[in-house]
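J.: structure for the following, please:
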Amino acid sequence: MAKILDDQLEAEMIIAAKDRNAEAFGSLYDAYIKKIYNFVYYKTLNKENAEDITSVVFIKAWEKLPQFKEGSFGAWLYTIARNAVIDHYRREKSTVDIEDCWDLSDGTDFLANIDRGLNLEKIKEAMSELSVQDREILIMRFWQDLSFQEIADQLGKKEGAIKMACGRALKSLKTKIPFALFLLLPGIMQICKKMN
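T.: Have a look, this model is predicted:
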């Protein structure tokens, strides 16, 4: 993924935005909105929640921008986004009163769901053996299509360390499940989201 702002221009925009220049912050917003939205969406798998949380991320970034020190602005934003997603799940209560479910029949293919469920259990078991960071690296690499350097910047690690962690995680998964199943099975993002 190409950067919209080069490093020098981004540094200038950060300085101006710290001085409460809304136009400069708007340029930073434009440069990062899609990446942050995609990150949040893959954590929530819900368009409305992703939009709401992404808005919260940029509001918090605007409010806390004077506190931003040197370093990767993108990594700082991802940290805010990660914390906003965690806060969202702490607040969310996904229980529904059975009295509100007036039509339980939805035409679901139960045999397909059973097969998918068995595969999801295999994946869930294999993924649970990975660390939170390794699961996050796999999500960023394979679903968000980020480069190793972009992942390293977001997690505050070196690119080589990210490559090694990704390789170890894939090797671990490969011994337990077919890799194609891991990448293509519907619901894998839901598993990763719940584990993080």
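
J.: from here on, just use CA atoms for contacts and neighbour counts.
T.: Fine.

J.: where do the domain boundaries of the protein fall?
T.: Domain ranges of the chain: 7-91, 112-195, per automatic domain parsing.

J.: can you list the low-confidence ranges for this structure?
T.: The chain contains residues with pLDDT under 70 at 1-4, 93-124, 143, 177-196.

J.: show me which helix runs longest in it.
T.: Criterion DSSP state H: the longest helix present in the chain is helix 22-44.

J.: and the very next helix or strand once past it, how far out from the chain middle?
T.: With elements assigned by DSSP states H and E, the helix or strand that comes after helix 22-44 is helix 47-64. Relative to the chain's own centre, helix 47-64 is displaced by 13 Å; criterion: Cα atoms, centre = their mean, to the nearest Å.

J.: CA atoms only for helix 47-64, dumped as CSV, please.
T.: Extracted as CSV, the C-alpha positions of helix 47-64 are listed here (Å, rounded to 0.1, in the frame of the first residue of the first chain):
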residue,chain,number,x,y,z
LYS,A,47,-20.1,-1.5,8.8
GLU,A,48,-22.0,0.8,11.2
ASN,A,49,-19.8,-0.2,14.2
ALA,A,50,-16.7,0.3,12.1
GLU,A,51,-17.8,3.7,11.0
ASP,A,52,-18.7,4.8,14.5
ILE,A,53,-15.5,3.5,16.0
THR,A,54,-13.4,5.1,13.2
SER,A,55,-15.0,8.4,14.0
VAL,A,56,-14.1,7.9,17.7
VAL,A,57,-10.5,7.2,16.7
PHE,A,58,-10.1,10.4,14.8
ILE,A,59,-11.9,12.5,17.4
LYS,A,60,-9.5,11.0,20.1
ALA,A,61,-6.5,11.6,17.8
TRP,A,62,-7.5,15.3,17.3
GLU,A,63,-8.0,15.7,21.1
LYS,A,64,-4.7,13.9,22.0
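
J.: which helices and strands sit right next to that helix?
T.: helix 22-44, helix 73-91 (3 or more Cα pairs under 8 Å, 6 or more residues apart in numbering; DSSP states H and E).

J.: so of those helices, which one's packed in deepest?
T.: Comparing these on average neighbours per residue, with mean count of other Cα atoms under 10 Å, the densest one is helix 22-44 at a mean of 19.
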